[in-house]
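Can you look at this prediction? I've put the sequence above it.
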Amino acid sequence: MKYTAQDFKSNQEVRWCPGCGDHSVLASLQRALPQVAEERGYPMERFVFVSGIGCSSRLPYYMNTYGFHGIHGRATAISTGMKVANPNLSIWQATGDGDALAIGGNHFIHAIRRNIDINIVLFNNRIYGLTKGQYSPTSPLGKITKTSPYGTVEHPFNPGALVMGARGTFFARSIDSELKLNQEIFVASARHDGCSVTEMLVNCVIYNDGSHREISDKEVRADRTIVLRHGERMIFGKDRNKGLVLVNKELKVVTIGEGGVTEDDILVHDAHTADMGMPSMLIDMKWPEYPVALGVIRDVPDKTYDDNVRDQLEDVRAKSTIHNMDELLHSGSTWEVK
């Protein structure tokens, strides 16, 4: 059966604030899943959406699929259990920067380390929105919030660097309003066999309006972000005349046509390289020194945790002389109690 985006929309009223970036991410997912279902041959019953606590964690209610609304920080643990128990499921996890990186941080990094085959969508608005505006693990240094009236005094997490530190096999990043790119990323995430993490830079219009304005505003986005696609040159800018080159093992922004620089000098993006050096540098790029990297930055194959569990169980069963409880009870030494 061929599905449409409408098939993945539930009958529930979407209760996010008007203007919240989560609306766009939801729409992108609903548009991507018909393509995923067609490519993978999945019926709708194979899709499950899991969440923890937070504004983004309402997403399972809005998907016409199976869903599980968990507790704060534990969505990754629930997703892991589901995938191991039923490897045939396509599991998608909606989580926020607080839910995933604070109380849920331990589960998050270990799911990545284990390479469990789940799709994590990390909504990063740099604030706790549901609980009314406290600073989060990704709030910028000096950010004034209800719990930091004089500005935060701690450095924020870079979610992508955290993924790389756990030796993640898939990391992508995008902006909430980039619907076409987001759809492309979600399809790539579904194709990836392993733990995929997509950081969505979303806006919270109530408690952190303009949370990514320095790069997300239409007027500046083309010059302050770079969309990376495997096999394509790292070119960006409103006039498509800027690019990235490597000089003394460091990335450098250059202008094509100046100083003898040609398009052939610009680096070609390799999302599939096993080397972690280049993707780590791309993930760490920050405006104004560099454009912020969007798109699929890393996508490499590796054995998954759920495959390893399955293979181990099959190996143990093949070698075991005990196959049921009756054989277990009658194996080895036995005693009769009178």
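Happy to help now that I have it. Owing to the predicted nature of the structure, the values given are computational and were not obtained by experimental measurement. Numbering: from 1, shown residues only.

Same question for stretch 220-227: list its buried residues.
Within stretch 220-227, the residues scored as buried using 16 or more other Cβ atoms under 10 Å are 221-222, 224-227. For the C-beta atoms, the positions are set from N, CA and C on the backbone; glycine is no exception.

Could I get those in JSON lines, plus columns for pLDDT?
Putting these into JSON lines (pLDDT from 0 to 100) gives the following:
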{"residue": "Arg221", "pLDDT": "97"}
{"residue": "Ala222", "pLDDT": "97"}
{"residue": "Arg224", "pLDDT": "98"}
{"residue": "Thr225", "pLDDT": "98"}
{"residue": "Ile226", "pLDDT": "98"}
{"residue": "Val227", "pLDDT": "98"}
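
ok, of those, which one's closest to Ala190?
Relative to Ala190, the closest of the buried residues of stretch 220-227 is Val227; by Cβ to Cβ it sits at 19.5 Å.

that's a strand at that closest one, yeah?
Yes - under DSSP: H, G, I helix; E, B strand; the rest coil, Val227 sits within a strand.

Tell me who's in contact with it.
Neighbour list for Val227: 181, 236, 294-295 [criterion: Cβ atoms under 8 Å, 6 or more residues apart in numbering].

Can you spell out which residues form a bridge with it?
Leu294 (DSSP bridges).

For stretch 15-32, what is the distance to the chain centroid?
Going by Cα atoms, centre = their mean, to the nearest Å, the spacing between the C-alpha centre of stretch 15-32 and its chain's C-alpha centre is 16 Å.

all helices for the stretch 151-300 of the chain, in order.
Assigned by DSSP state H, counting those that start in this stretch, the helices in the stretch 151-300 of the chain fall at 159-165, 179-191, 213-216, 218-224, 277-284.

Greatest separation within the contacts of Val227: which pair is it?
Leu181 and Phe236 (13.2 Å).

what about those two, which has more around it?
Counted by other Cβ atoms under 10 Å, Leu181 and Phe236 do not tie: Phe236 has more neighbours, with 26 against 19.

how near is the residue lying closest to the more buried one once chain neighbours are set aside to Ile235?
Nearest residue to Phe236 in three dimensions, chain neighbours excluded: Ile226, at 3.9 Å (Cβ to Cβ, 6 or more residues apart in numbering). According to Cβ to Cβ, to the nearest Å, Ile226 and Ile235 sit 8 Å apart.

shared neighbours of these two, anything?
Common contact partners of Ile226 and Ile235 (Cβ under 8 Å, 6+ apart): none.

circling back: hmm, the residue nearest to Phe236 is touching Trp287, no?
No - Ile226 sits out of contact with Trp287 when judged by Cβ atoms under 8 Å, with a separation of 10.5 Å.

My guess is Thr138 contacts Asn124. True?
Yes - in terms of Cβ under 8 Å, Thr138 counts as a neighbour of Asn124; the distance is 5.5 Å.

more neighbours, the two?
Asn124 (27 against 24).

How confident is the prediction for the more buried one, by pLDDT?
Model confidence at Asn124, given as pLDDT, is 97.

And Glu327, by the same measure?
Value for Glu327, per-residue pLDDT: 86.

hang on, it in a helix?
Yes - counting by three-state DSSP, Glu327 falls inside a helix.

Need the three-state assignment for the closest residue to it other than its chain neighbours.
Nearest non-adjacent residue to Glu327, counting by Cβ to Cβ, 6+ apart: Thr321, 7.6 Å away. Three-state call for Thr321 (three-state DSSP): coil.

Neighbours of Thr321, how many?
Neighbours of Thr321 (other Cβ under 10 Å): 6.

do the same with Ser24
19.

still on that earlier bit, what sits in contact with each of Thr138 and Asn124?
97, 159.

Thr262 touches Thr255, doesn't it?
No - contact criterion Cβ under 8 Å: Thr262 and Thr255 do not qualify, at 11.2 Å.

If you count surrounding residues, which of those two has more?
Thr255 (12 against 9).

show me the contacts for Asp97.
Contacts of Asp97 by Cβ under 8 Å, 6+ apart are 122-127, 136-138, 157, 159.

if I look at it, how far off is Phe236?
To Phe236, Asp97 is 25 Å away according to Cβ to Cβ.

got it, and Ile322?
Ile322 is 62 Å from Phe236, by Cβ to Cβ.

Phe49 in helix, strand or coil?
strand.

again with Val337
Relying on three-state DSSP, one would call Val337 coil.

give me the number of residues near Gly41?
The number of residues near Gly41, taken as other Cβ under 10 Å, comes to 7.

the strands in the stretch 51-200 of the chain, which residues?
Per DSSP state E, counting those that start in this stretch, the stretch 51-200 of the chain carries strands over the ranges 66-69, 90-96, 119-124, 170-175, 196-201.

Using JSON lines, lay out the ones you listed together with distance to Tyr150.
Putting those into JSON lines (distance: least, Cβ to Cβ, whole Å) gives the following:
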{"stretch": "strand 66-69", "distance to Tyr150": "36"}
{"stretch": "strand 90-96", "distance to Tyr150": "25"}
{"stretch": "strand 119-124", "distance to Tyr150": "24"}
{"stretch": "strand 170-175", "distance to Tyr150": "30"}
{"stretch": "strand 196-201", "distance to Tyr150": "26"}
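
what's the closest of the ones you listed to Trp335?
Per Cβ to Cβ, nearest to Trp335 of these: strand 66-69, 45.5 Å.
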